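Participant: The amino acid sequence is not available; the structure is as follows:
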């Protein structure tokens, strides 16, 4: 799959699990913040507290067979680990990235959701330094 493939109508209409979400950083953060808001969205409970906690139960830890990098997974998200490509500060932080360098981080302890959606794709994926810098800046701002 090339970057140009993702520009096509066929690509956008395809039902591709975990690869067919489209949005800007604000919309991605709004959806993801349900996890850091104890399962609540404005006016509705979407997840139980039990489900929110279950996200952090380790399901696997090792080299991801698709990405070829070490990852520790909970339910639907990567979790912090010494060999993880994304640094996390708490046991209740989870993350995932998208094609081209996007990143979503949910830190339940800090009640913070961070979304980075780029306008210029790279091949670096989770190792992209752009969202890493943004995450460090957000954590610094929280400690001040």
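Facilitator: Looks like it arrived, so ask away. For clarity, every value in this text was computed on a predicted model and none was experimentally measured.
Participant: Please make it C-alpha for all contacts and neighbour counts, starting now.
Facilitator: Noted.
Participant: buried residues in the longest helix along the chain?
Facilitator: The longest helix of the chain (DSSP state H) is helix 129-143. The neighbour-count check on helix 129-143 (16 or more other CA atoms under 10 Å) flags 131, 132, 135 as buried.
Participant: Which residue ranges of the chain form strands?
Facilitator: For the chain, the strands defined by DSSP state E occupy 40-41, 44-45, 60-63, 70-73, 78-79, 93-97, 103-107, 112-116.
Participant: how about a markdown table for the ones you listed, with distance to residue 123, mean pLDDT and mean neighbour count added?
Facilitator: Shown next, in a markdown table, are the strands of the chain (distance: least, CA to CA, whole Å; pLDDT from 0 to 100; neighbours: other CA atoms under 10 Å):
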| stretch | distance to residue 123 | mean pLDDT | mean neighbour count |
| --- | --- | --- | --- |
| strand 40-41 | 33 | 93 | 16 |
| strand 44-45 | 37 | 95 | 11 |
| strand 60-63 | 19 | 93 | 14 |
| strand 70-73 | 17 | 92 | 20 |
| strand 78-79 | 19 | 94 | 27 |
| strand 93-97 | 12 | 90 | 23 |
| strand 103-107 | 13 | 92 | 24 |
| strand 112-116 | 15 | 92 | 23 |
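Participant: Save those strands as JSON lines, and put in distance to residue 13 too.
Facilitator: Putting those into JSON lines (distance: least, CA to CA, whole Å) gives the following:
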{"stretch": "strand 40-41", "distance to residue 13": "27"}
{"stretch": "strand 44-45", "distance to residue 13": "29"}
{"stretch": "strand 60-63", "distance to residue 13": "31"}
{"stretch": "strand 70-73", "distance to residue 13": "28"}
{"stretch": "strand 78-79", "distance to residue 13": "27"}
{"stretch": "strand 93-97", "distance to residue 13": "21"}
{"stretch": "strand 103-107", "distance to residue 13": "23"}
{"stretch": "strand 112-116", "distance to residue 13": "23"}
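Participant: Cheers, nothing more for now.
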